[in-house]
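need coordinates for the following:
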Amino acid sequence: MEKHIALCLEDLNASHHDERFVQCVALYGREPGLCLDGQGCPLWQTKTDAVCELWRSADGRLVLWKLPNTSSIIVRRASRVLEVPPEKPVILLDKDEIDVGSKTLRVHLHGTTSRMDAPRPLVTRPQRNAFRVAASTVALGATLVASTAGSAQESPRIEVREHPPAPPRMPDPPEPPDAGDHADNTQPANSESGAVLIEDDAQDSAAGDETIEVRETPPAPPPPIRSGGCCSKQPGT
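Prediction:
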């Protein structure tokens, strides 16, 4: 099951192209996984020197969770800026930027994955073909024009969630045997179940009124069932 988030962190302050992108995976729930230290460097399955965590919420969003008593972290979305509060889930969208220490990291979301890989650099070969270089220059110019046009519109606000998404809806009971033809008229599941798919670039850029979301209570996966009865521990404890 593809339940984790594949992403890249782009270091906008990198001095060399091969140091610019790091491939990462944000794990589902708050199990030990992807973190950042005070200099913006990725950590994996350790909280030593970590200032924040990056993980996937129960409704499929990328969460930045700032650890208590750590240095300041800033999230930027076009003209919007948020100083991240500690121990509250801040929802990140594609192309959001994170100021950590002396680094500015841009988030690139690539969808879901079943892999649980440690962060690793993304090394690309230099383009030696003159035609490819020219094509890249044209594409860059088009991107800059599109970015300039998009900046004139209101950017989505950074979302800070106060409440977790609604719990999944329980399935409807089966129809009685005498229901007849009405048994085939069952309505599809309600979309208010709280399940949200990772949005692609087009969906994120179209969310013109979306805030930088910070949640009071993060959605977390249910705890594993223990032998000997129900577990009374809460997720994440």
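
got a list of contacts for stretch 31-46?
Outside stretch 31-46, the residues within contact range by CB atoms under 8 Å, 6 or more residues apart in numbering are 9, 11, 22, 24-27, 47, 49-55, 70-71, 98, 100-105, 116, 118-119. Where you see a C-beta, it was placed from the backbone N, CA and C, and this is true even at glycine.

contact partners for residue 70?
Residue 70 touches 38, 50, 51, 52, 86, counting by CB under 8 Å, 6+ apart.

go with 10 Å
Neighbour list for residue 70: 36, 37, 38, 49, 50, 51, 52, 84, 86, 100 [criterion: CB atoms under 10 Å, 6 or more residues apart in numbering].

quick one on the thing from earlier: tell me the buried residues within the contacts of stretch 31-46.
9, 11, 22, 24-27, 50-55, 70, 98, 100, 103-105, 119 (16 or more other CB atoms under 10 Å).

show me those that map onto strands.
Using DSSP state E, the subset of those located in strands is 9, 11, 22, 24-26, 50-55, 98, 100, 103-105.

picking up where we left off before, in the contacts of residue 70, find the pair that's most separated.
49 and 84 (17.5 Å; CB to CB).

apart from its chain neighbours, what residue comes closest to residue 71?
residue 38 (5.4 Å; CB to CB, 6 or more residues apart in numbering).

and stretch 101-119, end to end?
Start and end residues of stretch 101-119 are separated by 19 Å (CA to CA, to the nearest Å).

that should have said stretch 74-86, apologies.
End to end - CA to CA - stretch 74-86 spans 12 Å.

what residues sit buried inside that stretch?
Quick answer for stretch 74-86 (16+ other CB under 10 Å): 75, 76, 77, 78, 82, 84.

of all these, which two lie farthest apart?
Maximum distance among the buried residues of stretch 74-86 (CB to CB): 17.0 Å, for 78 and 84.

state the helix or strand in which the residue lying closest to residue 2 once chain neighbours are set aside lies.
Excluding the flanking residues, the one nearest residue 2 by CB to CB, 6+ apart is residue 112, at 4.0 Å. For residue 112, the element it lies in under DSSP states H and E is strand 103-113.

strands of the protein, start to end?
4-11, 21-26, 34-37, 42-44, 50-56, 62-66, 73-77, 80-83, 89-92, 97-100, 103-113, 120-121.

may I see those strands arranged in JSON lines, with distance to residue 161 and mean pLDDT as well?
Putting the strands of the chain into JSON lines (distance: least, CB to CB, whole Å; pLDDT from 0 to 100) gives the following:
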{"stretch": "strand 4-11", "distance to residue 161": "17", "mean pLDDT": "97"}
{"stretch": "strand 21-26", "distance to residue 161": "17", "mean pLDDT": "97"}
{"stretch": "strand 34-37", "distance to residue 161": "20", "mean pLDDT": "98"}
{"stretch": "strand 42-44", "distance to residue 161": "24", "mean pLDDT": "97"}
{"stretch": "strand 50-56", "distance to residue 161": "14", "mean pLDDT": "97"}
{"stretch": "strand 62-66", "distance to residue 161": "9", "mean pLDDT": "97"}
{"stretch": "strand 73-77", "distance to residue 161": "14", "mean pLDDT": "97"}
{"stretch": "strand 80-83", "distance to residue 161": "13", "mean pLDDT": "96"}
{"stretch": "strand 89-92", "distance to residue 161": "6", "mean pLDDT": "97"}
{"stretch": "strand 97-100", "distance to residue 161": "18", "mean pLDDT": "98"}
{"stretch": "strand 103-113", "distance to residue 161": "17", "mean pLDDT": "97"}
{"stretch": "strand 120-121", "distance to residue 161": "31", "mean pLDDT": "94"}
